[in-house]
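S.K.: Next input, structure requested:
(chains A and B)
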Amino acid sequence: MASEQELSTSFIPALYKPAALLPIARHKKSLLYLVEKYPVTIVVGQTGSGKTTQLPQYLDQAGWCEDGKIIAVTQPRRVAATTVATRVAEEMRCKVGEEVGYSIRFEDLTSPATRIKFLTDGMLLREALVDPLLSRYSVIMVDEAHERSLSTDVLLGTLKKIRKKRPELRIIVSSATLQAENFLRFFAGEEYQPEAEPADLGGSVGRIISLEGRMYPVDMLFLDSPAEDYIERAVKTVFDIHTQEPEGDVLLFLTGREEIDTAIQLISERAVTLHPKAPSLLPLPLYAGLTTEQQMYVFEPTPENTRKVIVSTNIAEASVTIDGIVYVIDSGFAKLRAYNPKTGIDTLTAVPISKASATQRAGRAGRTKPGKCFRLYTQQAFEQMPAATVPEIQRSNLAPVIMQLKALGIDNIVRFDFLTPPPAELIIRALELLSSLGAVDDYAKLTKPLGMRMAEIALDPMMAKVLLVAPSFNCLSEILTIAAMVTLQGTVWVQHAGDKRSAESHRRKFAVEEGDHLTYLNVYQAFVTKGKKDSKWCRDNLLNYRALLRAVSIRGQLKRYVERFGIQVDETLSSRHGAADLSKQQEQIRRCLTTGYFAHAAKMQPDGTFKTVSGGLTLHAHPTSLMFNRKADWVIFHEIMQTGEKTYIRDVTKIEKSYLLEYAPDYYRVRQ
DNA sequence: GAGCACTGC
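M.R.: Okay, the predicted model is just below:
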């Protein structure tokens, strides 16, 4: 007989609502019927409907994991894959990695016993490289498909192709209301019947099923005339809520760090004028650039007699959920990244959000009780918003996507079945770049072995090329490190607000005059010799400990790729001594970088700005770059981005003009 | 003098 102790440890934590009470429970039969009968099921349901946690368990119970088959559930974000797996494992009373597991880059918590597997959609695409028909899976559920991330879109196209060869495969797409028909139309193709009753739209291919969420009503309030300054209006609204509305925390959506800091300052200043006995206001910032500890404040319970005001970027729209929010203030704007194929430059600008985004933001007010959403725009402006945000695949540099598709054996990109095809110009521009890198031939086929190998490595094509030619420059070990560090995307250093001078002096300790890439190499080498077991060493040097640990993992993974290609990595080279040797080695590294980044070259002007090779554009070294306050002649850079009025280059390294002509003669002959 | 959010065996 089990002791009381044993019994009590097997109880499900009361934290979670018993599964049977979730709205999805009522739909169990019809869900299982649809999945049994149709190859494709589109599930419409909001957060809280239980689709992500319950549906996989229903499928498992109904026998979809017999004969060793697995149910896959994909997520656009790593944290979602891990947290949902943990929760489902608790409900099924097993450990993560047993019947329920997850798989994300660098973390595979699955075993031969795993029947339900949560993974990022990028990860499932990686699996398709090895197992093109994804034959281990009986059901693949693509969750949060309405977010239309790059990987989700590529995955959906790939699944449509796989379905033709595997009619027994079941595909479940989970989506918000607005896009459900698009997904069904996509999979049903010619069988889609626009004139049919809603219940028959998808012919014999699929059906849509709706699960209502566990949402409370949210009152919508619009401005009657447009706001001249939405930050000012937002702050005013915060105080109106604080003085006139019952208790409950406020979530304010703005576009970026600068606006958030301004708003928080205004709120703090004005809070002093509140009546001494009135409840106090606690404004808190939330954006991705904050450290994890700084972000944690928003999740702490609100102190007594206080109202929390969380001032956030888009991160709180889908990625982060905060309890206790009753009031949402929506500026109606978000910063979005877009790629301009004409200039090859990424832009980051504030643009009006879509109706779908506005609805999602408002929904954040109704998670625990009825709420209110104050929209800082008119109803007319809302009507004019686009229905949905332009999918990433239509506003991104497609070079990495094209490499990925080609690695999956999809050669004719133009004929690939995209949910929404990207503009031809984006495809042409990407193919031009891949051709100049030698990754594809005149028929746009992957070259052997260079293009094939580039496609297999999890790196941006320019860096992939650099890595694969590194052995001929005798600097493979160093490039492995540089590639890993650049992948961290500027998270190497931690920023401390108001501590700019000390940040700069710390960076100077590791500085290499030739530029950011060699400085990264220095930082990494210092980290593995001095700081790998010592997070204090990182704190003292304003370095991001977790980011550097990640660099170690990425480097290890890249090294395994290279070794699989039969290329030896000589790690003794990086510890060579002597000034002459060092300078020679640094030159080799700069030459090697140029073989991949020749299209990202610029010349410094007397005033310290840069001009592109064609001469058209004025570029500024990003303030985080070593080249921000140094002299150079020619440079190559990793990234170019336009924000506001200025165009910045980041991760910049000095080169000689002669390198460009030596390593990219064709590219530069045309442009001279 | 400064950057929304994600991701990859």
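S.K.: Which helix or which strand is home to the closest residue to DNA strand B within the stretch 1-150 of chain A?
M.R.: Of all residues in the stretch 1-150 of chain A, A:Arg126 sits closest to DNA strand B, at 2.2 Å by C-beta to the nearest atom of the strand. (Glycine included, C-beta is placed from N, CA and C.) Assigned by DSSP states H and E, A:Arg126 belongs to helix A:121-130.
S.K.: Parallel or antiparallel, which strands does the next helix or strand after that helix pair with?
M.R.: Proceeding C-terminally, helix A:121-130 gives way to strand A:137-142 as the next helix or strand, assigned by DSSP H and E. Applying DSSP bridges to the sheet, strand A:137-142 is found paired with strand A:70-75 (parallel), strand A:170-175 (parallel).
S.K.: Give me the mean pLDDT for the next helix or strand after strand A:137-142.
M.R.: As assigned by DSSP H and E, the chain's next helix or strand after strand A:137-142 is helix A:150-165. Helix A:150-165 comes out with an average pLDDT of 95.
S.K.: Stretch A:293-305 too?
M.R.: Mean predicted lDDT for stretch A:293-305 stands at 89.
S.K.: Would that stretch count as contacting DNA strand B?
M.R.: No. Stretch A:293-305 stays clear of DNA strand B (C-beta under 7 Å from any atom of the strand), getting no nearer than 9.3 Å.
S.K.: about what we covered before: could you export the strands paired with strand A:137-142 as JSON lines, including mean pLDDT, mean neighbour count and distance to A:Ala288?
M.R.: Listed next are those as JSON lines, based on pLDDT from 0 to 100; neighbours: other C-beta atoms under 10 Å; distance: least, C-beta to C-beta, whole Å:
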{"stretch": "strand A:70-75", "mean pLDDT": "96", "mean neighbour count": "25", "distance to A:Ala288": "18"}
{"stretch": "strand A:170-175", "mean pLDDT": "94", "mean neighbour count": "25", "distance to A:Ala288": "25"}
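S.K.: how about those, which one is nearest A:Phe333?
M.R.: strand A:170-175 (24.7 Å; C-beta to C-beta).
S.K.: how about stretch A:266-282: buried residues?
M.R.: Neighbour-count burial for stretch A:266-282 flags A:266-267, A:271, A:281-282 (criterion: 16 or more other C-beta atoms under 10 Å).
S.K.: now it: mean pLDDT?
M.R.: 93.
S.K.: Touching, A:Thr313 and A:Leu290? I think so.
M.R.: No. The pair A:Thr313 / A:Leu290 is not scored as a contact, 10.2 Å apart, by C-beta atoms under 8 Å.
S.K.: So the two - more neighbours on which side?
M.R.: More neighbours surround A:Thr313 than the other of A:Thr313 and A:Leu290, with 22 against 18 (other C-beta atoms under 10 Å).
S.K.: what's the distance between the more buried one and A:Thr647?
M.R.: 22 Å (C-beta to C-beta, to the nearest Å).
S.K.: sorry, back to before: the residue nearest to the residue of the stretch 1-150 of chain A closest to DNA strand B when sequence neighbours are not counted and A:Met452: what is the separation?
M.R.: Sequence neighbours aside, A:Ala458 is the residue nearest to A:Arg126 in space, at 7.7 Å (criterion: C-beta to C-beta, 6 or more residues apart in numbering). A:Ala458 sits 14 Å away from A:Met452, going by C-beta to C-beta.
S.K.: what's the answer for A:Lys308, then?
M.R.: 53 Å.
S.K.: Looking at the two now, which is surrounded by more residues?
M.R.: A:Lys308 (21 against 16).
S.K.: which helices and strands does the helix or strand hosting A:Ala484 pack with?
M.R.: Using DSSP H and E, the element containing A:Ala484 is helix A:476-487. Packed against helix A:476-487, as judged by 3 or more C-beta pairs under 8 Å, 6 or more residues apart in numbering; DSSP states H and E, are the following elements: helix A:461-469, helix A:516-526, helix A:545-564, helix A:579-597.
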